[in-house]
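Student: generate coordinates for the sequence data below:
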Amino acid sequence: MTSLAVASGYAQNNNNMSNNSKKTLVAYFSATGTTMEAATKLAKVANADLHEIVPETLYTPADLNWRDKSSRSSVEMADKSSRPAIANKVENMEQYDTVFVGYPIWWYIAPTIINTFLEQYDFTGKTIVPFFTSGGSGAGETMRYLKPSAPGANWKEPKNLNYMGEAEMKSWIDSL
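Tutor: Next up, the predicted model:
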């Protein structure tokens, strides 16, 4: 998906957590497919629209080699002001009042492309619910680096969706 996509059946009769006329969006960045799987399941359970955050230049396996200090991901993550370009945008972001934002954990934080995404829109008054996938680490310092990119947003605590089933996801969403 390279633009806003209504995941099949996910956006029909979209009722978000507060059951008002606003909609819910699940936006995610996935370099290897793991976060995409979690986001797709989340969009289904949350009855939300689904949007893939697509980098202008896709990441190759060499770019993702965290053991190589000169790899693209290593260089981006070493520079917290790095803002990788995004190839697509969410149309009519104003229609969403709740935005789940998903990403893999890189170097104990969200990839800086997530900051690029957040800085493209005005999230004032919107609820942002971060979620992540990880090979073994927690959210680390993620919130410290994401919150300044969306001032005025109502932030929820990040949640690891690795191995989370639909029933558990539904329970988590209901708790928000």
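Student: where does this protein dip in pLDDT?
Tutor: 1-21 (pLDDT under 70).
Student: check the gap between the closest residue to E56 other than its chain neighbours and K23 for me.
Tutor: Excluding the flanking residues, the one nearest E56 by Cβ to Cβ, 6 or more residues apart in numbering is A85, at 3.8 Å. For the C-beta atoms, the positions are set from N, CA and C on the backbone; glycine is no exception. Going from A85 to K23 by Cβ to Cβ, to the nearest Å gives 26 Å.
Student: what do you get for V90?
Tutor: Distance of V90 to K23, given as Cβ to Cβ: 11 Å.
Student: spit out the residues that contact the two alike.
Tutor: Counting by Cβ atoms under 8 Å, 6 or more residues apart in numbering, the common neighbours of V90 and K23 are Y96.
Student: for the longest strand seen in the chain, packing partners?
Tutor: Counting residues, the longest strand in the chain under DSSP state E turns out to be strand 96-104. With contacts taken as 3 or more Cβ pairs under 8 Å, 6 or more residues apart in numbering; DSSP states H and E, strand 96-104 sits against strand 23-28, helix 34-46, helix 112-119, strand 127-133.
Student: ok, and which of those has the densest surroundings?
Tutor: strand 23-28 (a mean of 25; mean count of other Cβ atoms under 10 Å).
Student: and E168, that one's in a strand?
Tutor: No. E168 sits outside any strand when classified using DSSP: H, G, I helix; E, B strand; the rest coil, being helix.
Student: number of nearby residues for it?
Tutor: Per other Cβ atoms under 10 Å, the neighbour tally for E168 reads 12.
Student: and the one 4 residues further on, by the same measure?
Tutor: Residue neighbour count, defined by other Cβ under 10 Å, stands at 17 for W172.
Student: SS state for it?
Tutor: helix.
Student: gap between it and A48?
Tutor: 14 Å.
Student: what about the residue nearest to P151 when sequence neighbours are not counted, distance to N88?
Tutor: Once flanking residues are discounted, P151 sits nearest to T124: 7.5 Å by Cβ to Cβ, 6+ apart. Computed as Cβ to Cβ, the T124 to N88 distance reads 22 Å.
Student: who has more neighbours, the two?
Tutor: N88 (16 against 10).
Student: how about the more buried one, secondary structure?
Tutor: Following three-state DSSP, the label given to N88 is coil.
Student: isn't V45 right up against M164?
Tutor: No. Counting by Cβ atoms under 8 Å, V45 stays clear of M164, with 9.5 Å between them.
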